[in-house]
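Novice: Provided below for reference: sequence and predicted model.
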Amino acid sequence: MRRFTRLVFAAALVFAAASCRFPYGFSGGGLPSDIRTVAVLPFDNETASADLPRELSEGLRKSMSSRLGLRDATEKNADAIVRGVITKFSIDDPVGFSANPNAATSARRRLSISVDVEIYDQHKQRVLWSKKGVTAQGEYPENGEAAGRKQAVERLITEIIEGAQSQW
């Protein structure tokens, strides 16, 4: 009988807790609800790679639309602006070497890209999210640097989108 009483009490407690309205939850986060449009400005480039700012800006523009639901806008009309600086682009860091001791060539290479980035609310004139030194790497086979760069850019974009979504 005592066991039955405990079971009924536990069930009643669970039911009562489930029916309460808690003011806090795991929804929310991300950018404020009044941010509906975004302008992704070309990143300043402190590296020798001329194509990198375009690749990063285009990828961010597409991801902001598909993953955050923001519409692309001009800088003047946007609710928020994404801007940043590409601070580092290093290539040809060897990862794996050939098993042939007579050949000293690398089988795989790694590149690294670092950026400083911020998302700025133009209406409230405040930084919504910013991070310095966001770094991503990409690996590629010998003479396949473009594939590694694409991989690193995609990882950077994911880091930036997740950073924007993580705001509580």
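Specialist: Received, thanks. Residues are numbered from 1 along each chain as shown.
Novice: helices and strands around the top strand by length along the chain, which ones?
Specialist: Longest strand in the chain by number of residues (criterion: DSSP state E): strand 80-97. Counting contacts by 3 or more Cβ pairs under 8 Å, 6 or more residues apart in numbering; DSSP states H and E, strand 80-97 packs against strand 37-40, strand 44-45, helix 52-68, strand 106-121, strand 126-141, helix 145-165. Placement of C-beta: from N, CA and C, glycine included.
Novice: now it: mean pLDDT?
Specialist: Mean pLDDT, strand 80-97: 86.
Novice: ok and that strand relative to strand 126-141, angle-wise?
Specialist: If you take axes from the mean of the first three to the mean of the last three Cα atoms, to 10 degrees, strand 80-97 sits at 20 degrees to strand 126-141.
Novice: what lines up beside strand 80-97 in the sheet?
Specialist: Strand pairing for strand 80-97, determined by DSSP bridges: strand 37-40 (parallel), strand 44-45 (parallel), strand 106-121 (antiparallel).
Novice: what's the angle between it and helix 145-165?
Specialist: 140 degrees.
Novice: what about strand 80-97, distance to the chain center?
Specialist: Counting by Cα atoms, centre = their mean, to the nearest Å, strand 80-97 is centred 14 Å from the centre of its parent chain.
Novice: cool, stretch 143-150 as well?
Specialist: With Cα atoms, centre = their mean, you get 20 Å for stretch 143-150.
Novice: could you pull out the buried residues of it?
Specialist: Neighbour-count burial for stretch 143-150, counted by 16 or more other Cβ atoms under 10 Å, picks out 145, 148-149.
Novice: need those in JSON lines with pLDDT, can you?
Specialist: JSON lines is the format used below for the buried residues of stretch 143-150 (pLDDT from 0 to 100):
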{"residue": "145", "pLDDT": "88"}
{"residue": "148", "pLDDT": "92"}
{"residue": "149", "pLDDT": "93"}
